[in-house]
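>>> Below is the sequence, then the predicted model.
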Amino acid sequence: NAGVTQTPKFQVLKTGQSMTLQCAQDMNHEYMSWYRQDPGMGLRLIHYSVGAGITDQGEVPNGYNVSRSTTEDFPLRLLSAAPSQTSVYFCASSYSTEAREQYFGPGTRLTVT
Amino acid sequence: AQKVTQAQTEISVVEKEDVTLDCVYETRDTTYYLFWYKQPPSGELVFLIRRNSFDEQNEISGRYSWNFQKSTSSFNFTITASQVVDSAVYFCALSATNQAGTALIFGKGTTLSVSS
C-alpha cells in the first residue's frame, strides 16, 4: 500500500493562477479531507468528503473547491491563487466517518507570490 | 465551541530529561476522541495515539505515556528519557462531530527541541 499520496510536493504560483493539488489513497477509505498548516496555527480543515460524490466545507473553505468522483481521489482546486493561500497542504483519509485516526499524506508546500 | 489548547509553544530539554506536553480541550460532545500526532522536521504527520472519552486509563508505549483526565479536560503526553530523535512538533487533536461525520480540531502545536 502506498497510503496517502500527494502531488506535487512543492509549487510556486503567481497571484491569480489556478492549480489542482492531487490526493490519492489506496486503502479504500471513505473519509478524506484537506487541511492547511500555517505557522503557529496548527492544522485547519478546508474541505472533507464522506464518500464519492459527497463533499462539504470545513473551517476555512474560501478560495478552494473540491470534488470526489472516485473513492481513491480527492483533488483540491485553487481557482485564483492569492498570497494568503501560501501554506502547507495536507490530505488525510480515514476508514470511516467515525473518529478513527486519520492517515496523512506527505504534504504539498505551496507559495503564492 | 470545540477547541484544543496547547499552551506550551516551545520546550527545550537536554537528552534523558523527562518532558510533559500539555493539552487542554473543550467540547460539548459526550462521546469524543483525542489524538496526538508527531511532526518531525521532515514534515510528515505521524499518528501516535487515539483515546476515546470513555476510557480514562493511562496508556504507556515504550518511552511515551499519556494521561487523560476528563475532570480537567486534559490529555497530557509525557516522554521519558527524551532523545534527540524526539525533536519535533507535537499536535493534540480533538474529534469534532458534524452533520456528516467527524473531523479533527488541532491545537497549535508544541515544538520540542531535545539537545544532546
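Structure received. Numbering: from 1, shown residues only, chains lettered A, B, ... in the order given.
>>> Just list whatever residues bridge to the closest residue to A:Glu72 other than its chain neighbours.
Spatial nearest neighbour of A:Glu72, excluding adjacent residues (C-beta to C-beta, 6 or more residues apart in numbering or on different chains): A:Ala24 at 5.3 Å. Placement of C-beta: from N, CA and C, glycine included. Judged by DSSP bridges, the bridge partners of A:Ala24 are A:Thr5, A:Asp73.
>>> so which helix or strand takes in the residue nearest to B:Ile11 when sequence neighbours are not counted?
Nearest residue to B:Ile11, sequence neighbours excluded (C-beta to C-beta, 6+ apart): B:Leu112, at 5.2 Å. Assessed by DSSP states H and E, B:Leu112 sits inside strand B:110-115.
>>> packing partners for that strand?
strand B:10-14, strand B:19-21, strand B:88-97 (3 or more C-beta pairs under 8 Å, 6 or more residues apart in numbering or on different chains; DSSP states H and E).
>>> Could you point out which of those sits nearest A:Glu101?
A:Glu101 lies closest to strand B:88-97 among the helices and strands packed on strand B:110-115, at 9.7 Å (C-beta to C-beta).
>>> Now do the buried residues in the strand holding B:Leu112.
B:110, B:112, B:114 (16 or more other C-beta atoms under 10 Å in any protein chain shown).
>>> what angle do that strand and strand B:10-14 make?
20 degrees (axes from the mean of the first three to the mean of the last three C-alpha atoms, to 10 degrees).
>>> Could you pull out the strands in chain A for me?
If DSSP state E is used as the criterion, the strands of chain A fall at A:4-7, A:10-13, A:19-25, A:31-38, A:42-51, A:54-57, A:64-66, A:76-78, A:87-94, A:103-104, A:108-112.
>>> what does the first one contact?
Under the criterion C-beta atoms under 8 Å, 6 or more residues apart in numbering or on different chains, residues A:21-25, A:27, A:89-93, A:103-108 lie in contact with strand A:4-7.
>>> can you rerun that using 6 Å?
A:22-25, A:91, A:93, A:103, A:105-106, A:108 (C-beta atoms under 6 Å, 6 or more residues apart in numbering or on different chains).
>>> Pull out the CA atoms of that strand and give them to me as PDB.
Only the C-alpha atoms of strand A:4-7 are listed here, as PDB (Å, rounded to 0.1, in the frame of the first residue of the first chain):
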ATOM      1  CA  VAL A   4      -2.000   8.600   1.000                       C
ATOM      2  CA  THR A   5      -0.100  10.300  -1.800                       C
ATOM      3  CA  GLN A   6       0.000  13.900  -2.700                       C
ATOM      4  CA  THR A   7       1.400  15.700  -5.700                       C
END
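>>> Quick one: mean pLDDT for that strand?
Strand A:4-7 shows a mean pLDDT of 96.
>>> in it, what's buried?
A:4, A:6.
>>> And for the second one?
Counting neighbours by 16+ other C-beta under 10 Å, one finds that the buried residues in strand A:10-13 are A:11, A:13.
>>> what packs against that strand?
The contact analysis (3 or more C-beta pairs under 6 Å, 6 or more residues apart in numbering or on different chains; DSSP states H and E) places strand A:10-13 against strand A:108-112.
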